[in-house]
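**Student:** Return atomic coordinates for the entry below.
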Amino acid sequence: MGKKISSEEKYKIVRQILCGEMSGRYAAKIMGVHPSSVEGWIRLYESEGAAALERSGRNRGYSAETKQAAVEEYLTGKGSLNTVCKKYHIRASVTLRDWIKVYNAHGRFTSKKTGGSYMRTSRKTTQEERLKIAKECLENGKNYGAIALKHQVSYQQARTWTLRYEEQGEAGLEDRRGKRKASQEPRTELERLQIENERLKHALYMAEMERDLLKKLEEVERRDTSHK
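**Tutor:** You can find the predicted model right below:
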């Protein structure tokens with residue numbers, strides 16, 4: 001359980017920080033809390049005044065539309081965690097982080113009032129677009145939500161294309177209407193060699209992608225270790 005701090009103490013700390021009398025990191029240290037907590041106090045005070053620092057017995061509720069708007073604004077680079085939280089009166093940055101995780105996992109937010117959901121509609125795309133989106137999803141650790149927003153497609157489209165590309169390569173992203181299915185036997189030796197060549201190229205790409213992701217993970221772990 002976190003340390004209980006009165007609204008008066010929070011107000012005093014916030015005022016000292018805003019007046020330049022101490023840093024946020026030092027304030028967090030003497031109060032025995034995480035620096036993000038102090039950042040949250042400052043954000044609440046600046047957006048809602050001293051009353052916002054008072055402890056509340058219940059959590060604030062947010063609509064599906066508010067969650068969606070805040071997440072999209074952050075993922076499209078229109079604001080930092082702090083600025084987005086301040087704009088939408090979100091009490092803690094960890095709340096916004098949780099919403100981002102939900103969006104990237106499911107692509108939607110369910111409305112408690114209506115039972116409905118807020119989702120981006122699908123749009124028609126070319127094979128080149130689908131290939132680009134699938135590769136970007138893989139390069140970014142299958143961050144379907146962010147990539148879907150970037151390319152103005154639905155979450156489900158981004159996820160489906162990525163899974164198909166992983167399993168079948170570029171052939172899985174083709175519009176198969178009026179064309180032979182990828183699972184059918186090749187009609188000629190040349191067609192068989194072309195299919196095998198594409199399969200090998202795809203296998204190499206996936207191996208290189210996995211290697212690069214592991215390198216990124218190792219870099220993050222080293223950076224986190226050095227900051228402890």
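
**Student:** mean confidence score for the helix or strand where Leu204 lies?
**Tutor:** Counting by DSSP states H and E, the element that carries Leu204 is helix 189-227. What helix 189-227 shows for mean pLDDT is 68.

**Student:** can you check stretch 160-175 too?
**Tutor:** Rounded mean pLDDT across stretch 160-175 is 84.

**Student:** just how off-centre is that stretch within its chain?
**Tutor:** In this view, stretch 160-175 has its centroid 23 Å away from the chain centroid, taken as Cα atoms, centre = their mean, to the nearest Å.

**Student:** pull the CA atoms of that stretch into PDB?
**Tutor:** The C-alpha trace of stretch 160-175 is given here as PDB (Å, rounded to 0.1, in the frame of the first residue of the first chain):
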ATOM      1  CA  THR A 160      -5.000  -9.800 -39.400                       C
ATOM      2  CA  TRP A 161      -2.500  -8.700 -42.100                       C
ATOM      3  CA  THR A 162       0.400  -9.200 -39.700                       C
ATOM      4  CA  LEU A 163      -0.600 -12.700 -38.700                       C
ATOM      5  CA  ARG A 164      -1.200 -13.600 -42.400                       C
ATOM      6  CA  TYR A 165       2.200 -12.200 -43.400                       C
ATOM      7  CA  GLU A 166       3.900 -14.200 -40.600                       C
ATOM      8  CA  GLU A 167       2.200 -17.400 -41.700                       C
ATOM      9  CA  GLN A 168       2.200 -17.100 -45.500                       C
ATOM     10  CA  GLY A 169       4.400 -14.200 -46.500                       C
ATOM     11  CA  GLU A 170       3.300 -11.700 -49.200                       C
ATOM     12  CA  ALA A 171       0.900 -14.300 -50.700                       C
ATOM     13  CA  GLY A 172      -1.200 -14.000 -47.600                       C
ATOM     14  CA  LEU A 173      -1.800 -10.300 -48.200                       C
ATOM     15  CA  GLU A 174      -3.100 -10.700 -51.800                       C
ATOM     16  CA  ASP A 175      -6.600 -10.100 -52.800                       C
END
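
**Student:** Return the set of buried residues in that stretch.
**Tutor:** Thr160, Trp161, Thr162, Arg164, Tyr165, Glu166, Gln168, Gly169, Glu170, Ala171, Gly172, Leu173 (16 or more other Cβ atoms under 10 Å). C-betas here are computed from N, CA, C, even on glycine.

**Student:** same check, this time on stretch 18-36
**Tutor:** Gly24, Ala27, Ala28, Met31, Val33.

**Student:** export those to JSON lines and tack on secondary structure?
**Tutor:** Shown next, in JSON lines, are the buried residues of stretch 18-36 (DSSP: H, G, I helix; E, B strand; the rest coil):
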{"residue": "Gly24", "secondary structure": "helix"}
{"residue": "Ala27", "secondary structure": "helix"}
{"residue": "Ala28", "secondary structure": "helix"}
{"residue": "Met31", "secondary structure": "helix"}
{"residue": "Val33", "secondary structure": "coil"}
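
**Student:** Is Lys4 part of a helix or strand, or is it coil?
**Tutor:** Strictly by three-state DSSP, Lys4 counts as coil.
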